[in-house]
Every structure is written in C-alpha cells, then in structure tokens.
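In: no letters, just coordinates:
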C-alpha cells in the first residue's frame, strides 16, 4: 500500500476526509458531530484511535463542527495556518497547547512517510487551503471549496492518481432555486463554489496518465444531484477528449456515508 483514503463525508452539511499510509493516518476536517465522526470511521473500517493528527482546510462550520470534541476524544494534534487558527477562535473549546500546530500556507509538511503539500484556494474564509498528499511518486489531491480553479492550483494538483474534486452545483438549478439572490451571487462568485461544468473543464486540464479515479465532492443538497453531476462532468470530459471507463472512473461522495477505502499503489 502506498496511500489509502476514504471520503468520509462531503457536502454542505459536513466534510471529513481520511488519508493514510502504512505508518501514518490523518484526518482532514471534522465537519460533523463527534458521534457522527465515530460512526463514519466505523463504517469506513478505520480505527480513529490510530490517527496521528487532523489537518484543517478553513474555519467554516461544515469543516470544523466536530473538530474540538474529536481532537480531545483521541488526544490528536490539529494543524492549521495562523489565519485559520485566529478565525476559529473559541469555536473548538479548550485545547491543550501541545494539540495546536501551525501548518504554514502554501508549504509542504512531512508526516512520517507522507508528504503533505498545502495550497491556497479562492473562498470566503480567512485563508482557506487544501492539500495534496505525496508518497513514492503517488499523488492524491483534495480540491473543494473554491470559486474557480486558478492556473496555480492546476499546476499544483496536475497528474494526480486520484482527485477529490468539487462539483458543487448545477448553474441552472442554482439560478432557478429558492436561495436568496445574495447567496446565489456568493456561490457563483470567485470566492464561492465550483459548478459541475467548471469542475469538468478544470479536470480536463489536469488529468494525467496515472489518473485513475475522480470523486465528485461537496455537492449542494439543494442545487445539484449525484446523477446530474456525474452526467454533466462526464459529458464535458468526453467533449474534451477524455473517455471515462477507459482507465479513469468517476465516483460519487455522500454527506453521510463514507466511500469505500481506496488504495493507491
């Protein structure tokens, strides 16, 4: 095994991502209650007591709701950049000093046999950043919560073996939906979320020869559907000359059910 992972939960109601190697196991975000987090780990077949730490992407509640309680329960160190620590403030409750670590923005940190590269995204948070996981030439990229995919981000995440990539909304569903206009404008803006179509165009630019899996993530409960996201992304990739099912497969993620553990070898 080189790298294994499971998208424990993904969506506007809560996000959590597990990634591990033979001797290092990390959680990215804990956006559900402590009880729900335990259930997700149990369903994924991973023992949370074996975790080595938690990485934080940004301070929005769907990413840190259960962070404090989960870190205390398993005595885990938390890693976030300074702006995110400041923005989280007292939301996590009391943490010991030896549980709080700074993971600098746009840097690489080594956890045992796993190198973790952080990169900034455009989103309406203090200093949001996501992660690419590297081991022995293998690469897993976690890319959600961003208004657009910049050339800098594409360069950072290109050629990954697996992508967990945002396909938040269908533009027409969002425009016709019940959200007030200011919320629609935020989602559609450069600091909001990526649509199905924009997701597909970005993926077409970055997919490499070793890319095997794409997990469509952070789908809106009100402005998207799994079938629609899969069809929209699949059609656009096909138009761009990338045929799914011939070495590259598309997978769903869910707000309350973890994806089966996938091993990148």
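Out: All right, it came through fine. These numbers come from a predicted model, not from an experiment.

In: so what's residue 150 up against?
Out: By CB atoms under 8 Å, 6 or more residues apart in numbering, the contact list for residue 150 reads residue 122. Yep, even glycine has a C-beta here, placed from its N, CA and C like the rest.

In: state the distance from it to residue 106.
Out: Per CB to CB, to the nearest Å, residue 150 is found 12 Å from residue 106.

In: what's the answer for residue 168, then?
Out: 23 Å.

In: go on, residue 179?
Out: 32 Å.

In: of these two, who's got more company?
Out: Shown here are residue 179 and residue 106; by other CB atoms under 10 Å, residue 179 has more neighbours (17 against 13).

In: that one contacts residue 220, correct?
Out: No - counting by CB atoms under 8 Å, residue 179 sits too far from residue 220 to count as a contact (9.4 Å).

In: list residues touching both of the two?
Out: residue 187.

In: got phi/psi on the closest residue to residue 260 other than its chain neighbours?
Out: Spatial nearest neighbour of residue 260, chain neighbours left out: residue 6 (6.9 Å); criterion: CB to CB, 6 or more residues apart in numbering. Residue 6 adopts backbone torsions of phi -140, psi 130, taken as degrees, to the nearest 10.

In: quick one: average pLDDT of stretch 1-13?
Out: The predicted model assigns stretch 1-13 a mean pLDDT of 95.

In: in space, what's closest to residue 27 - neighbours in sequence excluded?
Out: Spatial nearest neighbour of residue 27, chain neighbours left out: residue 54 (4.7 Å); criterion: CB to CB, 6+ apart.

In: which of the helices or strands spans the one you found?
Out: Assigned by DSSP states H and E, residue 54 belongs to strand 53-55.

In: who does that strand touch, helix- and strand-wise?
Out: If contacts are counted by 3 or more CB pairs under 8 Å, 6 or more residues apart in numbering; DSSP states H and E, strand 53-55 sits against strand 25-28, helix 67-74, strand 78-80.

In: any chance of a markdown table for those, columns mean pLDDT and mean neighbour count?
Out: Converted to a markdown table, the helices and strands packed on strand 53-55 look like this (pLDDT from 0 to 100; neighbours: other CB atoms under 10 Å):
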| stretch | mean pLDDT | mean neighbour count |
| --- | --- | --- |
| strand 25-28 | 98 | 24 |
| helix 67-74 | 98 | 21 |
| strand 78-80 | 98 | 25 |
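
In: in stretch 87-94, which residues are buried?
Out: Buried residues in stretch 87-94, counted by 16 or more other CB atoms under 10 Å: 87-88, 92.

In: do the same with stretch 44-56
Out: 44, 46, 48, 51-56.

In: also stretch 144-163?
Out: 144-150, 153, 156-157, 160-163.

In: quick one: mean pLDDT over stretch 182-196.
Out: pLDDT averaged over stretch 182-196 gives 95.

In: straight-line length of that stretch, end to end?
Out: Counting by CA to CA, to the nearest Å, you get 21 Å between the two ends of stretch 182-196.

In: show residues contacting it.
Out: 122-124, 145-149, 166-171, 174-175, 177, 179, 202, 218, 220, 223-224, 228-229, 232-233, 236.

In: residues contacting residue 179?
Out: So residue 179 contacts 187, 222-223 (CB under 8 Å, 6+ apart).

In: quick one: which of the residues you listed is nearest to residue 29?
Out: The closest of these to residue 29 turns out to be residue 187 (CB to CB; 19.5 Å).

In: now the closest one: phi and psi?
Out: phi -60, psi -40.

In: how close does the spatially closest residue to residue 69 that is not a sequence neighbour get to residue 92?
Out: Among residues not flanking residue 69 along the chain, residue 34 sits closest, at 3.9 Å (CB to CB, 6+ apart). Remark: distance between residue 34 and residue 92 (CB to CB) = 12 Å.

In: between these two, which contacts overlap?
Out: By CB under 8 Å, 6+ apart, residue 34 and residue 92 have no common neighbours.

In: looks to me like residue 133 is in a strand.
Out: Yes - counting by DSSP: H, G, I helix; E, B strand; the rest coil, one finds residue 133 located in a strand.
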